[in-house]
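J.: Sequence plus predicted model, see below.
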Amino acid sequence: MPAFTFDQILAKGVRAGKIPARTQDARDWYRNTAKKATVTDSQLMRSDRDKLRNATAVGKMYAFFYDPKHKETLPYYDRFPLIFKVKNVPGGFLGINLHYLPPQLRARLMDALYDLTTNERYDENTRLRLSYDILNGASKYKWFKPTLKMYLTKHVRSRFLLIDAVEWDMALFLPTERFEKASKSAVWADSRKIIRG
């Protein structure tokens, strides 16, 4: 099987008249198409080597391999996070790992986050204006709470795959979460409890 590329879905969507991220209809189309994709984390990382980065920027989306420092004591963790970087912290960074939400809640959070984009061109310069204060200060972002995680740079096990703004909705629904020590349904049940408070 050839390696997955976002370009395959983008080309199909553009032919169908779906301009990425611009309308709710287009977002839903890309999400539903990505949901049906068969791709592994390794295939995704190999799909576009030009987008592999050594560093990250706040407000951009990335996927990468991760091996937590305290994995023995964690109830569960994601070996292949899909994050929006929120900020740098000593020794690492904070990120919103969208995998901690079931797909329908990922979509709700992403729809709210689109209000934070720096532009509506959805090009290589588009990012989210993210901060903990912004996320915590508005009820429309309430789904972020179980997703905020700290990542230690020394425990990142790959380069970072930069996911462009036109690819956000596809990446959101790709089945690439790799939870250890618990099933995704158990993780998502815990996340729903955290959101409900």
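T.: Now that the structure is in, tell me what you want to look at.
J.: helices or strands next to the helix or strand harbouring residue 162 in the packing?
T.: According to DSSP states H and E, residue 162 maps onto strand 160-163. Packed against strand 160-163 by the contact rule (3 or more Cβ pairs under 8 Å, 6 or more residues apart in numbering; DSSP states H and E) you find strand 52-53, strand 61-63. All C-beta atoms are positioned from the backbone trio N, CA, C, and that covers glycine.
J.: Identify whichever of those lies nearest to residue 16.
T.: strand 61-63 (23.3 Å; Cβ to Cβ).
J.: if you take the average position of the chain, which residue is closest to it?
T.: Taking Cα atoms, centre = their mean, the centroid of the chain lies closest to residue 82, which sits 3.5 Å from it.
J.: now the strands: where do they sit in this protein?
T.: Here the chain has its strands, by DSSP state E, at 52-53, 61-63, 77-78, 82-89, 92-97, 148-152, 160-163, 179-180.
J.: quick one, the fifth one and strand 148-152 angle?
T.: Using axes from the mean of the first three to the mean of the last three Cα atoms, to 10 degrees, one finds that strand 92-97 and strand 148-152 are set 140 degrees apart in direction.
J.: Give the partner strands of strand 92-97 in its sheet and their orientations.
T.: When pairing is defined by DSSP bridges, strand 92-97 lines up against strand 82-89 (antiparallel), strand 148-152 (antiparallel).
J.: what does the second one give?
T.: For strand 61-63, sheet partners with direction are given as strand 82-89 (antiparallel), strand 160-163 (antiparallel), following DSSP bridges.
J.: For the longest one, buried residues please.
T.: If you call a residue buried by 16 or more other Cβ atoms under 10 Å, then strand 82-89 has these buried ones: 82-86.
J.: which among these gets closest to residue 119?
T.: Of the buried residues of strand 82-89, the one sitting nearest to residue 119 (Cβ to Cβ) turns out to be residue 84, at 16.0 Å.
J.: For the closest one, give me its contacts.
T.: With contact set as Cβ atoms under 8 Å, 6 or more residues apart in numbering, residue 84 has these partners: 59-61, 95-96, 98, 113, 128, 130.
J.: Good, wrapping up.
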